[in-house]
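Novice: sequence-free structure coming up:
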């Protein structure tokens, strides 16, 4: 069915729901590359007028990616909670935006609504929201998860300590971990992107992190970001694995490109849950996503990249993850060209994930061929702190020497906590206090030369 | 506490001066940078910006064709361009970077029966191609002296896939694209080599082999060329390239293939 709208004297026609969604999306290079974007600014706004008038329940009647062809669509449709949806079932997309921003929509209301929302509804409403709306709505959502630490509590900001090394050298990784611990990083997870994906590499690194955790008695979880099948094998070998990791996307075809499907993820979820290694909770999956992954795999079904990204969150929410991280600026300028597009996408991903009830974190990052720099990352991290992001990625000096891109530094995330009065996860904060790293006001000042924390952590053999 | 026991005076001195001194040898990561308040000290702030500026400049630099032609003399060179006519369209349209936009006539004129065509491409770091491609090419040709080689192609605004169109026009059974890899802060001039058997436009990347990380502090020209020569021989014998050649690669050359996994940006 076609949709129409007029802006001034110009009438616009949108062939189907996919075209309407794509044209309503804020401008980004990936949709232009796919030939889906609005051809000018007026057409974009016309699409938004038409989208605003669309009843939310349209998305329950019309699939953007066919039900018969795609298991992600089947997951979305088959698990939709009609009772939860009833609260907003009478609204159009435009009215839904107004409702989300109203005082009526508070943390409890939004939490109860989440199972009633489909990713397409959430993507649609986000296209009508300004950056400030995305921040305001996300800030009202509350998603708390736990394993050995509790992540997402009000007034906290957690971090993934990312100690990557180009050859997985254990001493090099340990050095970066120790540096990060001295900044209070790692309360969301200490997670390594391995250079190799072999089972033995994975197990070596898991043991390294688990030894560190036990030696210093840190209330933390570790993760080696290997393919899900590698993690399952590591579990079978009895490796000390806390979290299973996997990259996921919003279509079955794109997930096939990642070498996964829902049944593999279910198997992994069952395997990791059976270990019961958590102490304060048992959320044991870590997902990563990013706009553009489906187009990159040639599996986008003519759907815009932001909508497909939100569909990836529908995959994630089926597995009660501890952490979901959008690697927003990593994919490159053909999907998100510059800082304006990266910042917008980061706020969209965070807000949409939260609306679907996910523990969202963001890798505030860029590659050297995108039009962005560290000043832009400063802007995005402050916006995300305002939006109540659960966790941020932090690497030594903002420079990932294995993946060759720039993220936030340990300095950045610590400074952000102090500037906004945000605390680490409570269990981790207590550990930092025991280590003598916090001052009387709960801040983490520069370590004193020859002080106890430095000697305890760095005096240890690596 | 046991951690606070007295230790040898010398160790205390060194730890006091730079607590990270012992750890730096294990990683190039920016550890132990120090803090002013919560921020980076000025010197480290500027060090980061210096590395970032080199990476950015490398992305936006252009191949100096005249310099390359001179360095390659007396070998014949053909100059081609992709359908992307500037850096911005190159970055926005990876598909254009894989299509020929200029130089088709010269390729047609040189058409023949060749075992192998070498393409020197700017990719995401023209600086890498300028710094390493000629030496890398010399090391390769020394190991492949009995092969029939197409004229060397110099390609601008090029992705790896442009080599497929080039090889098809030339009539080459195999193509090796020497291309600048996406610059990072530690290396802005890393060269990659992509080898493709029976190249044709639209070729799946899983049907290529990649040797990555060729630069002054990375893989040497000699090792990379030995590896390429082995791949080229195997490819001709087995009439294929790609993941099917991989397992032997590590054992044969004594080098891990880990570098080949994260370089999709260029293809």
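Specialist: Thanks, I have it. No experiment lies behind these values; they were computed from the predicted model shown.
Novice: got any ranges where chain A has weak pLDDT?
Specialist: When residues are selected by pLDDT under 70, those of chain A lie in A:460-462.
Novice: state the pLDDT value of the residue in the stretch 1-150 of chain B that chain A sits nearest to.
Specialist: Taking CB to the nearest CB, chain A has its nearest neighbour within the stretch 1-150 of chain B at residue B:30, 2.5 Å off. Quick note: C-beta positions are derived from backbone N, CA and C, even for glycine. In this model, residue B:30 is scored at 97, pLDDT.
Novice: could you do the one 10 residues further on as well?
Specialist: Per-residue confidence at residue B:40 stands at 97 (pLDDT).
Novice: contacts only, for it.
Specialist: Shown in contact with residue B:40 (CB atoms under 8 Å, 6 or more residues apart in numbering or on different chains): A:397, A:409, A:411, B:33, B:34, B:48.
Novice: what does the stretch 51-200 of chain B put close to chain A?
Specialist: Selection of the stretch 51-200 of chain B residues close to chain A by CB under 8 Å from any CB of the partner chain yields B:51-52, B:55-56, B:58-59, B:91-95, B:124, B:182-187.
Novice: just say helix, strand or coil for whatever residue of the stretch 151-267 of chain B ends up closest to chain A.
Specialist: Per CB to the nearest CB, residue B:184 is where the stretch 151-267 of chain B lies closest to chain A, at 3.1 Å. Recorded secondary structure, residue B:184: coil (DSSP: H, G, I helix; E, B strand; the rest coil).
Novice: so it touches residue A:402, yeah?
Specialist: No: counting by CB atoms under 8 Å, residue B:184 does not reach residue A:402; the two are 9.1 Å apart.
Novice: of the contacts of residue B:40, which belong to helices?
Specialist: Mapping those onto helices (DSSP state H) picks out A:411, B:48.
Novice: from the contacts of residue B:40, list just the buried residues.
Specialist: Neighbour-count burial (16 or more other CB atoms under 10 Å in any protein chain shown) is assigned, among these, to A:397, A:409, A:411, B:33, B:48.
Novice: determine which two of those residues are furthest apart.
Specialist: Largest separation among the buried ones among the contacts of residue B:40 by CB to CB: A:411 and B:48, giving 10.6 Å.
Novice: who touches both of those two?
Specialist: Residues touching both residue A:411 and residue B:48 comprise A:397, B:40, with contact defined as CB under 8 Å, 6+ apart.
Novice: how far off centre is stretch B:118-127?
Specialist: How far stretch B:118-127 lies from its chain's middle: 8 Å, per CA atoms, centre = their mean, to the nearest Å.
Novice: list the buried residues for it?
Specialist: Within stretch B:118-127, the residues that qualify as buried are B:118, B:119, B:120, B:121, B:122, B:123, B:124, B:125, B:126, B:127, counting by 16+ other CB under 10 Å.
Novice: please name the nearest non-neighbouring residue to the residue of the stretch 301-450 of chain A found nearest chain B.
Specialist: Per CB to the nearest CB, the residue of the stretch 301-450 of chain A with the smallest distance to chain B is residue A:397, at 2.5 Å. Nearest non-adjacent residue to residue A:397, counting by CB to CB, 6 or more residues apart in numbering or on different chains: residue B:30, 2.5 Å away.
Novice: how would you label that neighbour: helix, strand or coil?
Specialist: coil.
Novice: what about it, how many residues nearby?
Specialist: Using other CB atoms under 10 Å in any protein chain shown, residue B:30 has 25 neighbouring residues.
Novice: that one reaches residue A:396, doesn't it?
Specialist: Yes: between residue B:30 and residue A:396 there is a contact at 4.8 Å, judged by CB under 8 Å.
Novice: quick check: neighbours shared by those two?
Specialist: Shared contacts of residue B:30 and residue A:396, counting by CB under 8 Å, 6+ apart, come down to residue A:409.
Novice: and the buried ones among the contacts of residue B:40 as CSV, adding distance to residue A:72?
Specialist: Formatted as CSV, those follow (distance: CB to CB, whole Å):
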residue, distance to residue A:72
A:397, 38
A:409, 35
A:411, 39
B:33, 43
B:48, 40
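Novice: of all those, which comes closest to residue A:173?
Specialist: When these are compared against residue A:173 (criterion: CB to CB), the nearest one is residue A:397, at 15.2 Å.
Novice: re earlier: report the buried members of the residues of the stretch 51-200 of chain B next to chain A.
Specialist: If we count by 16+ other CB under 10 Å, those have these buried: B:51-52, B:55-56, B:58-59, B:91-94, B:124, B:182-187.
Novice: what number of residues lie near residue A:189?
Specialist: 31.
Novice: beta partners of it?
Specialist: Counting by DSSP bridges, residue A:189 is bridged to residue A:160.
Novice: against chain B, how distant is it?
Specialist: 18 Å (CB to the nearest CB, to the nearest Å).
Novice: can you pull the contacts of that residue?
Specialist: If you count contacts by CB under 8 Å, 6+ apart, residue A:189 has them with A:160, A:161, A:220, A:221, A:222, A:223, A:242, A:243, A:286, A:322, A:323.
Novice: what number of residues lie near the nearest residue to residue A:400 once chain neighbours are set aside?
Specialist: Once flanking residues are discounted, residue A:400 sits nearest to residue A:164: 5.5 Å by CB to CB, 6+ apart. The tally of other residues near residue A:164 (other CB under 10 Å) stands at 22.
Novice: what sits against residue A:164?
Specialist: A:173, A:176, A:192, A:193, A:195, A:395, A:400, A:401, A:402, A:403, B:29.
Novice: which one of the residues you listed is nearest to residue A:260?
Specialist: When those are compared against residue A:260 (criterion: CB to CB), the nearest one is residue A:193, at 16.9 Å.
Novice: isn't that closest one up against residue A:225?
Specialist: Yes: using CB under 8 Å, residue A:193 is in contact with residue A:225, at 4.9 Å.
Novice: which residue of the two possesses the greater neighbour count?
Specialist: Under the criterion of other CB under 10 Å, the comparison of residue A:193 against residue A:225 puts residue A:225 first, with 24 against 19.
Novice: what secondary structure does residue B:196 sit in?
Specialist: Relying on three-state DSSP, one would call residue B:196 strand.
Novice: okay, now it: neighbour count?
Specialist: 27.
Novice: so what's the backbone phi/psi at the closest residue to it other than its chain neighbours?
Specialist: In this structure, residue B:196 finds its nearest non-sequential neighbour in residue B:208, 4.8 Å apart by CB to CB, 6+ apart. Main-chain dihedrals, residue B:208, degrees, to the nearest 10: phi -120, psi 160.
Novice: good, we can wrap up now.
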